[in-house]
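**Q** from the sequence below, what's the structure:
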Amino acid sequence: MRIRPAVATTAVALALTLTLTLTGCGSTSATPEQATTTSASASATASTDPAAKVRAWAEAGGSDSLGTLVKSLGQVEKDSDPVDLAALQTSCAQLTADVEAIAQEDPMPDDKLAARWKLALDHLGKSASACTVGAASEDQASFDLMAAEMSIGNKHLDAVATRINEIVEAS
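**A** Numbering: from 1, shown residues only. Sure, this is the predicted structure:
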């Protein structure tokens, strides 16, 4: 039996790109008074400017969610090559938990982004679940499902990165 979980590295690279793009969107330290004024001003701007909405989402925890996703995907990738079934079971279970937690957070502020982000999380979650089963039972069919779902999730994650870039570059 060949046990070969296939983890596409594009998800890690794309999520890292998103994290870097959104991290650079501007968090600065300020006094409480400045923060209140800046927050009120940012709220007014964010209500009309798509890029400001994305930045506000990133600053309200979106960047942290992307960082968590990057970390989890990176660990799955690490545990996949060379294959370490015990570690892979743990990292895939962690990815499942992280995806479930991220899915409960505030949606992205753009309808297209939100739809693609949801699809990315759904497929990455299915991939992680299949990986956990495959690692526990050494089941190649589960690893094949993992790879297929990871590929679909990566495509949606790529679309998220493209849309964020479109929004940020248009501002």
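**Q** low-confidence ranges in the chain?
**A** Filtered on pLDDT under 70, the chain yields the residue ranges 1-47.
**Q** again, only this time at 50
**A** Segments of the chain classed as low confidence (criterion: pLDDT under 50) are 1, 26-42, 44.
**Q** what's the longest helix in it?
**A** helix 140-170 (DSSP state H).
**Q** contacting residues for Gly153?
**A** The contact partners of Gly153, taken as CB atoms under 8 Å, 6 or more residues apart in numbering, are 11, 119-124, 126-127. C-betas here are computed from N, CA, C, even on glycine.
**Q** go through the residues you listed and flag which are in helices.
**A** Filtering the contacts of Gly153 for membership in helices, criterion DSSP H, returns 11, 119-124, 126-127.
**Q** in a markdown table: the contacts of Gly153, plus distance to Arg163 and neighbour count.
**A** Below are those laid out as a markdown table (distance: CB to CB, whole Å; neighbours: other CB atoms under 10 Å):
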| residue | distance to Arg163 | neighbour count |
| --- | --- | --- |
| Ala11 | 16 | 28 |
| Leu119 | 12 | 17 |
| Ala120 | 11 | 26 |
| Leu121 | 15 | 22 |
| Asp122 | 17 | 16 |
| His123 | 17 | 22 |
| Leu124 | 17 | 29 |
| Lys126 | 22 | 19 |
| Ser127 | 21 | 31 |
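**Q** just to revisit the earlier point, please point out which parts of the longest helix of the chain sit buried.
**A** Of the residues in helix 140-170, those with enough neighbours to count as buried (16 or more other CB atoms under 10 Å) are 142-143, 145-147, 149-150, 152-161, 163-164, 167-168.
**Q** to the chain's geometric centre, what's the distance from it?
**A** In terms of CA atoms, centre = their mean, to the nearest Å, the centre of helix 140-170 is found 9 Å from the chain centre.
**Q** check stretch 125-133 too.
**A** On the basis of CA atoms, centre = their mean, the separation between the geometric centre of stretch 125-133 and that of its chain is 16 Å.
**Q** look up phi and psi at Asp139.
**A** Dihedral angles of Asp139 (phi, psi; degrees, to the nearest 10) stand at phi -100, psi 110.
**Q** would you check that it makes contact with Val133?
**A** Yes - in this structure, Asp139 is within contact of Val133 by CB atoms under 8 Å, at 6.4 Å.
**Q** quick check, nearest of the contacts of Gly153 to Asp111?
**A** Of all these, the one sitting nearest Asp111 is Leu119; the distance, using CB to CB, is 12.8 Å.
**Q** confirm for me that the closest one is in contact with His156.
**A** Yes - checked against CB under 8 Å, the pair Leu119 and His156 is within contact range at 4.2 Å.
**Q** understood, closing this out.
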